[in-house]
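# could you work out the structure for the sequence below:
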Amino acid sequence: MEAWRAEGKLGPYSDGLKGWTGWEEVRSRVYTVEQETDDVTEALSDVREMLQQTNPSGWQTEFASLVQDIVCQDAGWAWEGFWHMILHNIIQVPCQVQLRQLSAAVGRNN
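Residues are numbered from 1 along each chain as shown. Now for the predicted structure:
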């Protein structure tokens, strides 16, 4: 994403002045979700060990799902919510009502 910003491919999303969270805010939110995920992962180390013993071949998927569920319950969102926000703001550009039709047409062409 940083390369896109450097090349100017993010357009109105790069500065945060068009109603989108902007690049620095996105970086901050990534850091927050990472920290929350790391904290929950560490707090559930005993659960991870139990899953590793009871389900050696499939524990990782089950544990990752459990961590994301708890992060979402605690913080209000996790990676799925983060990526949904990104996608929503790329597809549904916040703008004046008279510009929405143009915004939708541009989104379909890219």
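# quick one: average pLDDT of the longest helix belonging to the chain?
Of all the elements of type helix in the chain, the one with the most residues (DSSP state H) is helix 22-43. Model confidence over helix 22-43, given as mean pLDDT, is 85.
# by contact count, what packs against it?
If you count contacts as 3 or more Cβ pairs under 8 Å, 6 or more residues apart in numbering; DSSP states H and E, helix 22-43 packs onto helix 59-75, helix 79-91. (Each C-beta comes from the backbone N, C-alpha and C, glycine too.)
# got the angle for it vs helix 59-75?
Between the direction of helix 22-43 and that of helix 59-75, the angle (axes from the mean of the first three to the mean of the last three Cα atoms, to 10 degrees) works out to 120 degrees.
# with only the CA atoms kept, save helix 22-43 in CSV.
What follows is helix 22-43, C-alpha atoms only, in CSV (Å, rounded to 0.1, in the frame of the first residue of the first chain):
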residue,chain,number,x,y,z
GLY,A,22,-6.2,8.5,5.5
TRP,A,23,-3.0,6.6,5.4
GLU,A,24,-1.7,7.5,8.8
GLU,A,25,-5.0,6.6,10.4
VAL,A,26,-4.9,3.2,8.6
ARG,A,27,-1.4,2.6,9.9
SER,A,28,-2.5,3.4,13.4
ARG,A,29,-5.5,1.1,13.1
VAL,A,30,-3.3,-1.7,11.8
TYR,A,31,-1.0,-1.3,14.8
THR,A,32,-3.9,-1.3,17.2
VAL,A,33,-5.4,-4.6,15.7
GLU,A,34,-1.9,-6.2,15.7
GLN,A,35,-1.4,-5.2,19.4
GLU,A,36,-4.8,-6.5,20.4
THR,A,37,-4.3,-9.7,18.5
ASP,A,38,-0.9,-10.2,20.1
ASP,A,39,-2.2,-9.5,23.6
VAL,A,40,-5.1,-12.0,23.2
THR,A,41,-2.7,-14.6,21.6
GLU,A,42,-0.4,-14.3,24.6
ALA,A,43,-3.2,-14.4,27.1
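# please consider this matter closed, and thank you.
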